[in-house]
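K.L.:
Sharing a sequence plus its predicted fold:
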Amino acid sequence: MERLTAVLAGTPVDTSMGLELMKRAGLPAAGFPVAEDPRAQTAFQLLPPADKQAQTELVLRLAMKGGCARALVYCNSMSAAVDFPALSRQLGLPIVTPMDVYREAAGAYRRAAVIAANAQGLAGIERALLGENPKLDLYGACLLPAVLSVEAKEPPEELVERHHLAELAAWFQSCGAQTLILGCTHFPYFKAALAARTSLPLLDPDEELVRLVKEL
């Protein structure tokens, strides 16, 4: 029988998206949102490092007490703002984050683009990518308003149109980007709508996250 996976995410919405990902993969999971909405999650990420570590440790200990034997952090910006490798060692709990996927993918590109929820997420993805491939040329943008649109369940096609995501992808492509990394776990919500309006390949970490969780 598969072990129970704790899904940590920034808000109840992306927590539910992470749980749905685990469900489709046939992996039992329990959800643990860290904040009530995207703005509160951004505020959490701006706390002093020791406070973020302590609060996240409490959530992970609660998950372990509930029977979770491994964890998936289904939030890019939180993955960047909290030292999860240190918490994994401290608690003896295997933890996967989207940063693991980006580190694996970094060597495949000379130029890449990233859209993230906020600057914390963008900076963390940059560290992960350039740590593995220092020669990578990286372009990026922060799109918290798009995250809020996902939380509000705005139709994906309308969201892509209103936030000019096709135009943004076209600009990245004109700069020579070989892929557009969907650097927020909210963004698969509009992946199909954006893919229909750009020829730039979209890198969605979901499939690789499932593989990494299974390997824990």
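P.N.:
Cool, the structure landed.

K.L.:
C-alpha only now, for contacts and for neighbours.
P.N.:
Fine.

K.L.:
Show the average pLDDT along stretch 32-42.
P.N.:
Averaged across stretch 32-42, pLDDT comes to 90.

K.L.:
Helix or strand next in line after whichever strand or helix holds residue 23, which one?
P.N.:
Using DSSP states H and E, residue 23 maps to helix 12-24. Next along the chain after helix 12-24, taking DSSP H and E as the criterion, comes strand 29-33.

K.L.:
Tell me the helices and strands packed up against that following strand.
P.N.:
strand 5-9, helix 12-24, helix 49-65 (3 or more Cα pairs under 8 Å, 6 or more residues apart in numbering; DSSP states H and E).

K.L.:
Who are the packing partners of the helix or strand just after that strand?
P.N.:
Per DSSP H and E, the first helix or strand lying C-terminal to strand 29-33 is helix 38-45. Other helices and strands packing on helix 38-45, by 3+ Cα pairs under 8 Å, 6+ apart, are helix 76-81, helix 144-151.

K.L.:
picking that back up, tell me which of the helices and strands packed on strand 29-33 sits most buried.
P.N.:
strand 5-9 (a mean of 28; mean count of other Cα atoms under 10 Å).

K.L.:
Find the residue at the geometric middle of the protein.
P.N.:
residue 76 (2.9 Å; Cα atoms, centre = their mean).

K.L.:
Mind pulling up the pLDDT for that residue?
P.N.:
pLDDT, residue 76: 88.

K.L.:
tell me the contacts of residue 95?
P.N.:
Contact partners of residue 95, counting by Cα atoms under 8 Å, 6 or more residues apart in numbering, are 70, 71, 72, 73, 84, 85, 88.

K.L.:
Among the residues you listed, which lie within strands?
P.N.:
70, 71, 72, 73 (DSSP state E).

K.L.:
Quick check: of those, which lies closest to residue 36?
P.N.:
residue 73 (16.1 Å; Cα to Cα).

K.L.:
That closest one: neighbouring residues, count only.
P.N.:
25 (other Cα atoms under 10 Å).

K.L.:
Which strand residues bridge it?
P.N.:
residue 8 (DSSP bridges).
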